[in-house]
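1. What follows is a protein structure lacking sequence information:
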């Protein structure tokens, strides 16, 4: 697997491909790849001649006290998975390749960053928008692939691309789950066996929310309250948020209509996990 | 002259050029073009196969009470000048082509926006960075041309390009002056004959600052104070700022060493004019 560490190496590779008239897909990741990432890379390989997977634990999207230092890393394992699926290149820069000491430019998003994860992670989406902009400029892909598990991130990236006129198609891909329902996440590795069991409360809450809507409930507060009650029954779980928002604007909704995102973040022990579903009326 | 109003038209033109292997230069302007702009377009035409001139009075870089509504506009005159110099295309969008009602994404720059014009125009450089990012994404040029008259803007754009990894070369071009020394500016048209004479105080202050340094003065405060005194002798002039800063970081300096930018903004009547010089030790 071709793993490059510098921006100029990526650019050279991509420019060579462009000269041959090849299309390029980008899958931005923080590494420690799992089946969720695999589904993104898979789709990117189907839709593009060449696929770049970036593996970069981006410091600017972690707040103080978050898990930047402990975030799991295993580039050899990641390389094997990328090789397997058919990616052409891994871009795995060091932080100092991406950020000069006197780095001062940020891409910020108002409104869409205010709710959900933005409430407890105030600088998170500024870091995401900034690093994704940088990766877009470095790789200059035709298409970029993001998971629906990070639903707010996906909505924000789509809005950023529209607002700043990036000439890139953003492709969102469905959540991939373990056999028992837990959404795949690199952070699942933090869980001890007891917590792993407790973590099922997220996907169960997703199931409950979907079921309530299917049965005709349209009051967002009622749905969110019942989901919260279910989660609170689990002693190891501590709710960060459960919220129903418009899937495009990420603004709270009172009623389930249009396209609604019901999303949650829940601490299982010290591990913060997220899950969600989208309902299209 | 080919004047297009939509993003898709610009993209189509540029893509056609790219297929022919042609290089592309961009000159972003707010229109009402003068000799300063002409020098930028001229240089762009020398260094690129095709040149796009954008003419867009960008609302997001104007604060409340600034001259967005009254900023001079004359697209036919601009088109004649562009034709003359050899530009291939004018991009002249309406504000609604550039900004959706629910536009929420901004490119922001810390530190370099704090001093000089950033002090009295707090949202100005956010607007500049945002619209220039958009134009870069729309036109995707090899090179983009900016005047040294807007010295802080040029420093900020260079930093933005470095920080966000735009694959674009930024070319700064010298200030173009009237015969009597006044820096060319679209805003000079606001001046009545009396103010036009008074406006010479800016270029005179530039001359004084340069002379003091040439004679060996290295204390930035002394230089700035003497420049201010000269400006204050003019009854129609009201100083916004006169400041000496590092030309790269745009942070105040006490001593003239390295590369220093000495910049000023001065109201002549109601018209705010800027001028500056750079001294390289």
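-> Yes, it's here. What you see is a predicted model, and the numbers here were worked out from it, not measured in a lab.

2. Residue A:72 should be in a strand, yeah?
-> No - under DSSP: H, G, I helix; E, B strand; the rest coil, residue A:72 sits outside any strand and is assigned coil.

3. for it, phi and psi?
-> Dihedral angles of residue A:72 (phi, psi; degrees, to the nearest 10) stand at phi -70, psi 140.

4. Ramachandran angles for residue A:56?
-> When quoted as degrees, to the nearest 10, the phi and psi of residue A:56 stand at phi -150, psi 120.

5. Now the nearest residue to it once chain neighbours are set aside: which helix or strand?
-> Distances taken as CB to CB, 6 or more residues apart in numbering or on different chains place residue A:93 nearest to residue A:56, at 5.8 Å, with adjacent residues excluded. Backbone N, C-alpha and C define where each C-beta goes, glycine included. Secondary structure assignment for residue A:93, by DSSP states H and E: no helix or strand.

6. Measure how buried residue A:93 is and give me the count.
-> Using other CB atoms under 10 Å in any protein chain shown, residue A:93 has 21 other residues around it.

7. what's the pLDDT at it?
-> Note on residue A:93: pLDDT of 98.

8. what's near enough to touch it?
-> A:5-7, A:54, A:56 (CB atoms under 8 Å, 6 or more residues apart in numbering or on different chains).

9. so which residue of the stretch 151-281 of chain A comes closest to chain B?
-> Proximity of the stretch 151-281 of chain A to chain B (CB to the nearest CB) peaks at residue A:163, 3.6 Å away.

10. What distance do you get for that residue to residue A:75?
-> 33 Å (CB to CB, to the nearest Å).

11. quick one, which of the two is more surrounded?
-> Comparing residue A:163 with residue A:75 by other CB under 10 Å, the one with more neighbours is residue A:163, at 21 against 16.

12. Shouldn't that one be within a helix?
-> Yes - counting by three-state DSSP, residue A:163 falls inside a helix.

13. May I ask you to confirm that the residue of the stretch 151-281 of chain A closest to chain B is in contact with residue B:107?
-> No - using CB atoms under 8 Å, residue A:163 is not in contact with residue B:107, being 10.1 Å away.

14. quick one on the thing from earlier: so what's the residue of the stretch 151-281 of chain A closest to chain B scoring on pLDDT?
-> 98.

15. Now it: closest residue in space, sequence neighbours ignored.
-> Nearest residue to residue A:163 in three dimensions, chain neighbours excluded: residue B:105, at 3.6 Å (CB to CB, 6+ apart).

16. ok now do that neighbour, which residues does it touch?
-> Residue B:105 makes contacts with A:107-110, A:129, A:159-160, A:163-164, B:130, as judged by CB under 8 Å, 6+ apart.

17. could you redo the last one with a cut-off of 6 Å?
-> For residue B:105, the contact set (CB atoms under 6 Å, 6 or more residues apart in numbering or on different chains) comprises A:109, A:160, A:163-164.

18. any chance of these in TSV, plus distance to residue B:228?
-> Supplementary listing: the contacts of residue B:105 in TSV, determined by distance: CB to CB, whole Å:
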residue	distance to residue B:228
A:109	41
A:160	43
A:163	41
A:164	40
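
19. Tell me the one of these nearest residue A:87?
-> Lowest distance from residue A:87 to those (CB to CB) belongs to residue A:160, with 24.0 Å.

20. Could you double-check that the closest one lies in contact with residue A:130?
-> No - taking contacts as CB atoms under 6 Å, residue A:160 lies outside contact range of residue A:130: 10.0 Å.

21. Apply the buried test to the contacts of residue A:93 and list what passes.
-> Neighbour-count burial (16 or more other CB atoms under 10 Å in any protein chain shown) applied to the contacts of residue A:93 gives A:7, A:54, A:56.

22. Now do the same for the second one: helix, strand or coil?
-> Under the three-state scheme (three-state DSSP), the conformation of residue A:54 reads as strand.

23. so what's the nearest residue to it once chain neighbours are set aside up against?
-> What sits nearest to residue A:54 in space, not counting adjacent residues and going by CB to CB, 6+ apart, is residue A:91, at 4.4 Å. Counting by CB under 6 Å, 6+ apart, residue A:91 touches A:4, A:10, A:52, A:54.

24. possible to save these as a markdown table with pLDDT?
-> Output for the contacts of residue A:91, formatted as a markdown table (pLDDT from 0 to 100):
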| residue | pLDDT |
| --- | --- |
| A:4 | 98 |
| A:10 | 98 |
| A:52 | 98 |
| A:54 | 98 |
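
25. By neighbour count, which of these wins?
-> Among these, the one with the most neighbours (other CB under 10 Å) is residue A:52, at 30 neighbours.

26. does that residue really touch residue A:90, like I thought?
-> No - between residue A:52 and residue A:90 there is no contact under CB under 6 Å: 7.6 Å.

27. Tell me which stretches of the stretch 151-281 of chain A form strands.
-> Counting by DSSP state E, counting those that start in this stretch, the stretch 151-281 of chain A has strands at residues A:169-173, A:237-246, A:259-268, A:271-280.

28. tell me the most buried of these?
-> With neighbours taken as mean count of other CB atoms under 10 Å in any protein chain shown, those reach their highest mean count in strand A:259-268, at a mean of 22.

29. Quick one: mean pLDDT over it.
-> Here the average pLDDT along strand A:259-268 is 98.

30. Please see if the helix or strand bottoming out on mean pLDDT in chain A touches chain B.
-> Lowest on mean pLDDT, DSSP states H and E among the helices and strands of chain A sits helix A:117-120, with a mean of 94. No - using CB under 6 Å from any CB of the partner chain, helix A:117-120 never reaches chain B; the gap is at least 12.1 Å.
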